[in-house]
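J.: Any chance you could fold what I've pasted below:
(chains A and B)
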Amino acid sequence: MTSMLYSRYFIPTMKETPSDAEVVSHQLMLRAGMIRKLASGIYNYLPLGLRSIRKFENIVREEMNKADAIEMLMPSVQPAELWQESGRWAFYGKELLRFKDRKEAEFCMGPTHEEVITDMVRREIKSYRQMPLNFYQVQTKFRDEIRPRFGLMRGREFIMKDAYSFDVDSDAADLSYEKMFNAYMRIFERCGLNFRAVEADTGSIGGSSSHEFMVLADSGEDAIVSCDACRYAANIEKAESPLFTSSCDATHGALQKVSTPEMKTIVDVAGFLKVAPDQTIKTLVYASDTGEIAMALLRGDHELNELKLKNYLGWDEILMASEEQILACTGSPVGFLGPIGLKQDIPVIADRVVKGMVNVVMGANEKDQHYINANRGRDFEVSGFVDIRTVEAGDACPRCESGKLEMWRGIEVGHVFKLGTKYSKALNATYLDANGKEQIIFMGCYGIGIGRTVAAAIEQNHDENGIIFPIPIAPFQCSVVAVNTKDAGVMASAEEIYLCLEKLGVEVLFDDRDERPGIKFKDNDLIGIPLRIVVGSKGLAEGKVELKIRSTGEVQSVPLGEVAATVKQLVEAALRND
RNA sequence: CGGGAUGUAGCGCAGCCUGGUAGCGCACCUGCUUCGGGAGCAGGGGGUCGCAAGUUCAAUUCUUGUCAUCCCGACCA
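T.: Below you'll find the predicted structure:
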């Protein structure tokens, strides 16, 4: 079933864009008849969409198998007990869809499978001799996302490849991690995607370190930076800020309070006092969900990275403090905050850059008042210097001497984590080492969003006429368009080419529909078939057909008898991209 | 969950302000013509106007409620 007659297939294309689809990949997947929405974040995969998804899955399977991962399949319905044991039943929140069976026993739809796989492994793995092990599956996940959006990009039900590695110790686990990392690199390279592997925050999955695989696209939900000189790349949530060296030889001026009526922003204050914004300190107050308060200090022209601050403080949630909270700890309205003369003893976290600043301008904790010539040590103290700044394009690379950071938007299509013993400890997954001593297993977990990757590929490869599929994940590699189905010669030649391609193992869609040529061309462009052979009576008179390459628009006239071989070569060249 | 918006035929939309029982384009069906970039003419089918109350002689239109969907934020493959 690699090839297909268009007239007998099912590709419900749409001429107009549905109004509720915002991003290009969503619009095009709907228009190309790949998906249809059943409910918010829940989609039918129509035949064409499923073909692309299966193609990508198979690439993933091949690379997983090559990396010694073993395929299995776990259920999507999971018992509450396991989640209670790992502690996530309480922590996962509303994203975990829970329900009861007829006996009132509690279950959930699996959003991920650490619990289930670890449970299996702890029952079956007893000896160091059985490791390393890596299990993977391609399976439907359910996460009751707060806001599903963008079609397959952020669905509630979605197909994911997840893999879990089990090793005897941290070093062995690092090797497993590296193997998966390299497999992921190959997977996305094989698909012809423009992507970056970036250092990332581990988020709710936990563990010690992780990398995200980001397909570069303007519509991406994540911001990432990469060095133009070395290999450093990171999610902006995680990206380290380079250390700024400041000259500290300036003599300390006298601290002075000055009136700054209605000057609430750094720009206002700096302009009013005629100083550069980098001579000011920005003061922000944050609160945790449990009511803890902390103050953050940054150079005036810098932006805070909330995640860095949150991780440093160890809070579960971080929120801008309310006006009441701010008034209580500083005695001042927003706009004039500073670390001098606080009403409450709260931690004051300063960005590392603040350390070298002297004679700065900062809020005086009094309406319409700022200080000038404020100096740390003499006028105020901080509880710690921490990197809490959001990096910017053009920043120096934190890893190499010469590089500058470039900024991109990315779609997260894969994520690899070193989990350590987080789950194995909670679920008591242990083995006996060579000395007969019980040890805790080290784990890693590795995910790829299957549907999301297909969507990301479309996001990155399209034009005004529709999708331009990379050959490895195209639903069909080639199409044969018979210009006029009433012309027996045209139909006979087209069919001959179709059968020949099929015999050569090319996945071909034969557009044999009794439609006007314009409709066929538009449909073929829309659904993104990479190669198109057009059989028309004019060309046929000279024994030639037209071969068009979707991505470049290049058109060549090829002798009837040679076109199948030519296509076969093009397809093979594209698939050999490993 | 907070903020914003929208629900009228498969898709895209108009009508609603100023109540009188629904219309346009595309798609679909029939016929003829057409046939290398979403054809033309003629005829035709299809709608509980998201749902429920209320006001009214009368509600797609006004009021209230409710549900659904989409967009902006926190979460994530």
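
J.: My reading is that A:His211 is in a strand; is that accurate?
T.: Yes. With DSSP: H, G, I helix; E, B strand; the rest coil as the criterion, A:His211 is located in a strand.

J.: residues in contact with it?
T.: If you count contacts by CB atoms under 8 Å, 6 or more residues apart in numbering, A:His211 has them with A:Phe181, A:Ala197, A:Val198, A:Glu199, A:Ala200, A:His415, A:Val416. In short, each C-beta sits where N, CA and C put it, glycine included.

J.: Just the pLDDT for the second one.
T.: A:Ala197 is assigned 95 on the pLDDT scale.

J.: rewinding a little: of the contacts of A:His211, closest to RNA strand B?
T.: Using CB to the nearest atom of the strand, A:His415 comes nearest to RNA strand B of the contacts of A:His211, at 3.6 Å.

J.: show me which of the contacts of A:His211 neighbour RNA strand B.
T.: Residues of the contacts of A:His211 in contact with RNA strand B (CB under 7 Å from any atom of the strand): A:His415.

J.: so of the contacts of A:His211, which ones are in helices?
T.: Of the contacts of A:His211, the ones assigned to helices by DSSP state H are A:Phe181.

J.: I'd like to know which of the contacts of A:His211 are buried.
T.: Buried members of the contacts of A:His211, scored by 16 or more other CB atoms under 10 Å, are A:Phe181, A:Ala197, A:Val198, A:Glu199, A:Ala200, A:His415, A:Val416.

J.: how about the nearest residue to the fourth one once chain neighbours are set aside, what does it touch?
T.: Read it as A:Glu199. Among residues not flanking A:Glu199 along the chain, A:Ala234 sits closest, at 4.1 Å (CB to CB, 6 or more residues apart in numbering). Residues near A:Ala234 by CB under 8 Å, 6+ apart: A:Val198, A:Glu199, A:Ala200, A:Ile224, A:Val225, A:Ser226, A:Glu240.

J.: so what's A:Ala234 bridging to?
T.: Beta-bridge pairing for A:Ala234 (DSSP bridges): A:Glu199, A:Val225.

J.: where along the stretch 251-400 of chain A do the strands fall?
T.: Using DSSP state E, counting those that start in this stretch, the strands assigned to the stretch 251-400 of chain A run over residues A:256-259, A:281-288, A:293-299, A:318-320, A:348-351, A:360-363, A:369-374, A:384-386.

J.: Please apply the same query to the stretch 1-150 of chain A.
T.: Counting by DSSP E, counting those that start in this stretch, the strands of the stretch 1-150 of chain A are A:4-5, A:35-39, A:42-45, A:70-71, A:77-79, A:98-100, A:106-109, A:133-142.

J.: Quick check: which element contains A:Lys161?
T.: strand A:157-167 (DSSP states H and E).

J.: Which elements pack onto that strand?
T.: Here strand A:157-167 touches helix A:47-66, helix A:114-124, strand A:133-142, helix A:170-190, strand A:442-449, helix A:450-460, going by 3 or more CB pairs under 8 Å, 6 or more residues apart in numbering; DSSP states H and E.

J.: Show me what the mean pLDDT comes to for that strand.
T.: 97.

J.: Taking strand A:35-39 as reference, get the angle to that strand.
T.: Angle, strand A:157-167 to strand A:35-39, by axes from the mean of the first three to the mean of the last three CA atoms, to 10 degrees: 90 degrees.

J.: Name every strand pairing with strand A:157-167 and say which way it goes.
T.: strand A:133-142 (antiparallel), strand A:442-449 (antiparallel).

J.: how's chain A carved up into domains?
T.: Taking automatic domain parsing as the criterion, chain A consists of the domains A:14-191+A:414-459, A:256-386, A:476-575.

J.: And the ones you listed, which one averages the lowest pLDDT?
T.: The weakest mean pLDDT among these belongs to domain A:256-386, with a mean of 89.

J.: how about the most centrally placed residue in chain A, what does it touch?
T.: By CA atoms, centre = their mean, chain A has its centre lying nearest to A:Glu412, at 0.9 Å. A:Glu412 sits next to A:Glu212, A:Phe213, A:Met214, A:Gly220, A:Glu221, A:Asp222, A:Gly449, A:Arg452 when contact means CB under 8 Å, 6+ apart.
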